[in-house]
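Novice: Just to be clear, the model below is a prediction. Sequence and coordinates:
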Amino acid sequence: MDISGDKETEYMITLQILQNHINQRVLLAHAKKLGLEVSNEDIQEQYEMIKDQFEVEADFETALKQAGLTKKELEENIKNDLTIRLLIMEEAGIVVTDEEIEEYYEQLLMYIGEDLPPLEEIRIQIEQELQNEKMQDTLMFILEDLKKEYEIEILMEAPKPSEPEIEIQEEFPDMEHSGEEMEMIIEE
């Protein structure tokens, strides 16, 4: 997607990337403060699960290269994701029960049928999916509280107004215009 010259879109994308990065750093800092850590075994298990999605090693290597990642960076990303997941689960008290996993599997079985692998082969993926659903409900509340606690504020300047808005401001320099006032002026 080429956004060159579209300062508003560029601003919005940059702001979203910045917010995501800040959110991740805040969550990781809080997890560290609480002493939450994930095991190397959990990291390697997730790494292998990702790697196993590719039929041959070369395809995995190509996908890493296309994503601009090394194996070490992928492991670090996995560690960060698992740490944030652990934090949210701890803070929100999220627990996925065996009954919920089995119920979800039964629903999948109804839609997919006999082609669905046995529950034990996909138990981890189902558990993660259920965790994700529960985590999304609580993530924003946790982030808002942490941003207040850490006193985080984004001070990124918005792009300058577009040409029609500048012309209106030049035509009426002594007036402050709200969006509705500006629409009325443009219509006149």
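Specialist: Arrived safely. Residues are numbered from 1 along each chain as shown.

Novice: Which strand or helix spans the residue nearest the centre of the chain?
Specialist: Centre of the chain computed as the mean C-alpha position; nearest residue by Cα atoms, centre = their mean is residue 20, 6.4 Å away. Using DSSP states H and E, residue 20 falls within helix 7-33.

Novice: do residue 122 as well
Specialist: Secondary structure (DSSP H and E) places residue 122 in helix 119-149.

Novice: who touches residue 50 in this structure?
Specialist: 74, 78 (Cβ atoms under 8 Å, 6 or more residues apart in numbering). Every C-beta, even on glycine, is put in place using the N, C-alpha and C of the backbone.

Novice: Actually, residue 86.
Specialist: Contacts for residue 86 (Cβ under 8 Å, 6+ apart) come out as 31, 36, 38.

Novice: next SSE after the helix holding residue 20?
Specialist: Assigned by DSSP H and E, the successor of helix 7-33 is helix 40-51.

Novice: Go ahead and measure how far the next helix-or-strand element following that following helix is from the middle of the chain.
Specialist: Next helix or strand after helix 40-51 toward the C-terminus (DSSP H and E): helix 57-67. Centroid separation for helix 57-67 versus its chain: 22 Å, with Cα atoms, centre = their mean, to the nearest Å.

Novice: Export helix 57-67 to PDB, keeping only CA atoms.
Specialist: Output of helix 57-67 as PDB, limited to C-alpha atoms (Å, rounded to 0.1, in the frame of the first residue of the first chain):
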ATOM      1  CA  GLU A  57      13.000 -26.400   6.700                       C
ATOM      2  CA  ALA A  58      13.700 -24.300   3.600                       C
ATOM      3  CA  ASP A  59      10.100 -23.000   3.500                       C
ATOM      4  CA  PHE A  60      10.400 -22.000   7.200                       C
ATOM      5  CA  GLU A  61      13.700 -20.200   6.500                       C
ATOM      6  CA  THR A  62      12.100 -18.400   3.500                       C
ATOM      7  CA  ALA A  63       9.100 -17.300   5.700                       C
ATOM      8  CA  LEU A  64      11.500 -15.900   8.300                       C
ATOM      9  CA  LYS A  65      13.500 -14.000   5.700                       C
ATOM     10  CA  GLN A  66      10.300 -12.500   4.200                       C
ATOM     11  CA  ALA A  67       9.200 -11.400   7.700                       C
END
